[in-house]
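Q: using only what follows, build the 3D model:
(2 chains)
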Amino acid sequence: MNASRVFLSIAPRPAPRRTQGVVAWARANLFSDWPNSIATILLLALLGWYLPQLIDWAVLKAIVRPDVDACQAAGHAGACWGVVSEKYRTILFGRYPFAEQWRPLAAVLLMLSLVGVSALPRMWRWYLLPLWLTGMAAFVALMGGGVAGLTPVQTNLWGGLPLTVLLSLGGMTMAFPLAILLAMARRSHLPVLRTLSSLYVELIRGVPLISVLFMASFMLPLFLPQGVKLDVLIRVLVGIGLFSAAYIAEIVRGGLNAVPQAQTEAAQSLGLGYWKTHGLVLLPQALQAVLPSIVNSFIGNFKDCSLVTIVSLYELTGALSLALGGDVVWRPFFLEGYLFVAFIYWSFCFGMSRYSMRLERRLAHGQQRN
Amino acid sequence: MKRDLFIQAYGAMRHDLRKTVLTILGMAWGIATVVLLLAYGDGFGRAIQGIFETFGAKAVGVYPGRTSQQAGGNKAGVQVRFTQEDVELVRNVPVLLQLLMWYFVLSDMLPTSDEALSPLPGIFLSKSGLAFPVPESSLAWLYVAIGLVLGILASVLYLRHAGRTLYATGRQLPRVWPVVVMLVVGVLLACAFGALIGHVPLTFDIPEKSEINISGGAAVTPEFLAVFLGLSTYTAAFVAEVVRAGVQSVQHGQLEAARSLGLGRVQQLRLVILPQAMRVILPSLTNQYLNLTKNSSLAVAVGYPDLVSIANTSLNQTGRAFECVAIIMAVYISLSLLTALFMNRFNRRAVLRGRR
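A: Numbering: from 1, shown residues only, chains lettered A, B, ... in the order given. Modelled structure (predicted):
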């Protein structure tokens, strides 16, 4: 054979691209194609431009001392957190008597620890109900006074964070049983019950909360018998409860619909009646399935409580306007106040949404089959 | 007494027309961002929106955040992470507080009208609102309209032709730029024709700044701006999550299949991902728009003369609580029902297309 055929080795292939490490990650995620690269570069540029400004404004040049002159001297170049350190008690507790403000603080802490306790799944037992009733009673006693040597404080002086907590928790406590009844009624075979419940839910879901609050504060007194006077706080609380009941009812109905039909049949063949079928078989499964959605609607409810400002109840948002609106000296630093209140709302809601995500994962464990 | 009330209610309705326009604008903003986003996939659209929305932050120097729609969040890049935090930031703060904040920034922190900011020539931003140029009414606009109609007609014909060519030969004709060219050429031709037969050229009423105030053009109040910006960023944060969930709900295999068929990026989205994602997106989107409609009632908090605020005034003047609250409720229920009707119809089409 001819020996002139020389065996040439092929040039070695280049090593495969790295798929791990910072550079590879950046290439895959940040610079995968040109639009993506442009977006990344633009965003990094924007960030490089704004982040130092933000830090400069919020931290470096900020004035924390409650000193108006220093704040005005700084202009708006630095945040004036002094407005918060000066006014935080009015923002948090509204017009509550200054000397007694440990009471709303204690009441809020009590409620928060109650919420914390009930967030643990191992505490979901029958005694949660009496615990809540006692807690609510203690809250009202602490805030209102008149018992155990506490000076009475009128409800029109309640404000700030305790009011937000009361309205959201109280509204929810009221809404929950009503929502379950509404959901059951909407699934019922009795046409009158079904129609009424659907009508109620659709009607309430079709109108904004503000109009319900207006109704509670202006219209409800017209329907009450002569001589009966309900406190505006209670009226608004009832309004919020009725409003969120419609929303939760739909969530619960979704949960009930998700329970397989066979569960009902099994319960009936065991001889359980309507109420026992629901109470022992359907509702436990339905509620567990929709718990994350209920937490979500609770977050919405918590935020919606800010609307009571419009009917002149000074909860967190309203208390801020109360604290700064009439004060010529501090008024220019409203923005810092808003940011402070926004941060309070944010931390509550963020905590709740994280909790709901954890709950979702935890509940999903029971559904997994190996 | 009764008659006064009806007159007041009529006034409220007429004002509500403005608010309906506001709601529709908010929706249009939401829809436009969704469309933009879906059209461009992730990177580019996001960057544009980012610039668009940080303009608010620039005026304040507060946070370098973007609160726009984010879908297609399959890539865990810098963009996605930042925006998720921003979305959380916006979602977790009550909309009322956000409106008040916007209003404070727009009415207290902006310069007075004699030192108005002018980000673009002819546009002034100050404590007294945003002034911008408007077209002056003249016959010439008729020609622009005619040109647009002609351009649209030509585009429709062209697109049908492109479709037929695709089915007959499998060859793809370009779709986007010819349509743009046709529209522009149509308008230009019509205007040229208008100028030829002696009608005045197009004119704009451009606002001008003087020592005392800003005159000319059209202006919107800071109240309107606060409500508009506040509601649209708040709703956008929620819509963003809805769209993200929808796009993520489409199985990854669908994208791979589309890619292996040789579809381009836009086509993958338009023909494969979007129709399936829409089924998931639409019901929640309907909810979000219903919420938007209802949230627009919060305009009362910043003093925008919307239905609620006018009804409130008439309530205080007449003392007729029942009628006024009933009017508010009736208007909102009908708005909600209309939105639901419209969206459900849209939804039905999306669902049917999927099952056929």
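
Q: list the buried residues for the helix or strand containing A:Tyr247?
A: Assigned by DSSP states H and E, A:Tyr247 belongs to helix A:232-258. Buried residues in helix A:232-258, defined by neighbour count with 16 or more other Cβ atoms under 10 Å in any protein chain shown: A:232-233, A:235-253, A:255-256. (C-beta placed from N, C-alpha, C; glycine too.)

Q: likewise stretch A:162-176?
A: For stretch A:162-176, by 16+ other Cβ under 10 Å, it's A:162-172, A:174-176.

Q: packing partners for the one helix or strand B:Met182 maps to?
A: Using DSSP H and E, B:Met182 maps to helix B:176-196. For helix B:176-196, the packing partners by 3 or more Cβ pairs under 8 Å, 6 or more residues apart in numbering or on different chains; DSSP states H and E come out as helix B:140-169.

Q: now the angle between helix B:176-196 and the helix it packs on, please.
A: Here the directions of helix B:140-169 and helix B:176-196 differ by 150 degrees (axes from the mean of the first three to the mean of the last three Cα atoms, to 10 degrees).

Q: report whether the one helix or strand B:Gly253 maps to contacts chain A.
A: Assigned by DSSP H and E, B:Gly253 belongs to helix B:252-260. No - Helix B:252-260 stays clear of chain A (Cβ under 8 Å from any Cβ of the partner chain), getting no nearer than 13.4 Å.

Q: ok, the residue in the stretch 1-150 of chain A positioned nearest to chain B - how many residues close by?
A: The nearest approach of the stretch 1-150 of chain A to chain B comes at A:Tyr50, 3.1 Å away (Cβ to the nearest Cβ). The local packing of A:Tyr50 (other Cβ atoms under 10 Å in any protein chain shown) involves 19 other residues.

Q: now the one 10 residues further on
A: A:Leu60 has 10 neighbours, counted by other Cβ under 10 Å.

Q: now do A:His278
A: For A:His278, the neighbour count with other Cβ under 10 Å is 20.

Q: name all residues that make contact with it.
A: By Cβ atoms under 8 Å, 6 or more residues apart in numbering or on different chains, the contact set of A:His278 is A:Met184.

Q: where does the residue of the stretch 1-150 of chain A closest to chain B sit, in terms of helix or strand?
A: Counting by DSSP H and E, A:Tyr50 is found in helix A:34-55.

Q: show me what the helix or strand hosting B:Ser336 is packed against.
A: In this assignment (DSSP H and E), B:Ser336 forms part of helix B:321-355. Helix B:321-355 sits against helix A:191-206, helix A:209-214, helix B:2-40, helix B:274-295, helix B:307-318, with contacts defined as 3+ Cβ pairs under 8 Å, 6+ apart.

Q: if we use 10 Å, what do you get?
A: If you count contacts as 3 or more Cβ pairs under 10 Å, 6 or more residues apart in numbering or on different chains; DSSP states H and E, helix B:321-355 packs onto helix A:191-206, helix A:209-214, helix A:220-223, helix B:2-40, helix B:274-295, helix B:307-318.

Q: name the residues of that helix that are buried.
A: B:321, B:323-329, B:331-333, B:335-336, B:339-340, B:343, B:347, B:350.

Q: now do stretch B:217-233
A: Residues of stretch B:217-233 classed as buried: B:217, B:219, B:221-233 (neighbour count, 16+ other Cβ under 10 Å).

Q: next: stretch A:203-215.
A: A:Ile204, A:Arg205, A:Gly206, A:Val207, A:Pro208, A:Leu209, A:Ile210, A:Ser211, A:Val212, A:Leu213, A:Phe214, A:Met215.

Q: among the residues you listed, which two are most distant?
A: For those, the farthest-apart pair by Cβ to Cβ is A:Arg205 and A:Phe214; their separation is 17.0 Å.

Q: out of the buried residues of stretch A:203-215, who's nearest A:Gln263?
A: Of all the buried residues of stretch A:203-215, A:Gln263 sits closest to A:Arg205, with 27.9 Å by Cβ to Cβ.

Q: name the nearest residue to the closest one, sequence neighbours excluded.
A: What sits nearest to A:Arg205 in space, not counting adjacent residues and going by Cβ to Cβ, 6 or more residues apart in numbering or on different chains, is A:Ala246, at 5.3 Å.

Q: other SSEs contacting the helix holding B:Gly253?
A: Where contact means 3+ Cβ pairs under 10 Å, 6+ apart, helix B:252-260 is packed against helix B:265-267.

Q: could you give me the average pLDDT of the helix it packs on?
A: Per-residue pLDDT over helix B:265-267 has a mean of 74.

Q: for stretch B:164-183, output the C-alpha coordinates as PDB.
A: What follows is stretch B:164-183 as a C-alpha-only set of coordinates in PDB (Å, rounded to 0.1, in the frame of the first residue of the first chain):
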ATOM      1  CA  ARG B 164     -51.700  33.100   2.300                       C
ATOM      2  CA  THR B 165     -48.100  33.000   1.100                       C
ATOM      3  CA  LEU B 166     -47.100  31.200   4.300                       C
ATOM      4  CA  TYR B 167     -49.700  28.500   3.800                       C
ATOM      5  CA  ALA B 168     -49.000  28.100   0.100                       C
ATOM      6  CA  THR B 169     -45.200  28.100   0.000                       C
ATOM      7  CA  GLY B 170     -44.100  27.900   3.600                       C
ATOM      8  CA  ARG B 171     -42.200  31.100   3.100                       C
ATOM      9  CA  GLN B 172     -42.400  33.700   5.800                       C
ATOM     10  CA  LEU B 173     -42.800  37.300   4.800                       C
ATOM     11  CA  PRO B 174     -41.700  40.000   7.300                       C
ATOM     12  CA  ARG B 175     -44.700  41.300   9.300                       C
ATOM     13  CA  VAL B 176     -43.700  44.000  11.600                       C
ATOM     14  CA  TRP B 177     -41.800  46.600   9.700                       C
ATOM     15  CA  PRO B 178     -43.900  46.600   6.500                       C
ATOM     16  CA  VAL B 179     -47.000  47.400   8.600                       C
ATOM     17  CA  VAL B 180     -45.100  50.300  10.300                       C
ATOM     18  CA  VAL B 181     -43.900  51.600   7.000                       C
ATOM     19  CA  MET B 182     -47.400  51.400   5.600                       C
ATOM     20  CA  LEU B 183     -48.900  53.300   8.500                       C
END
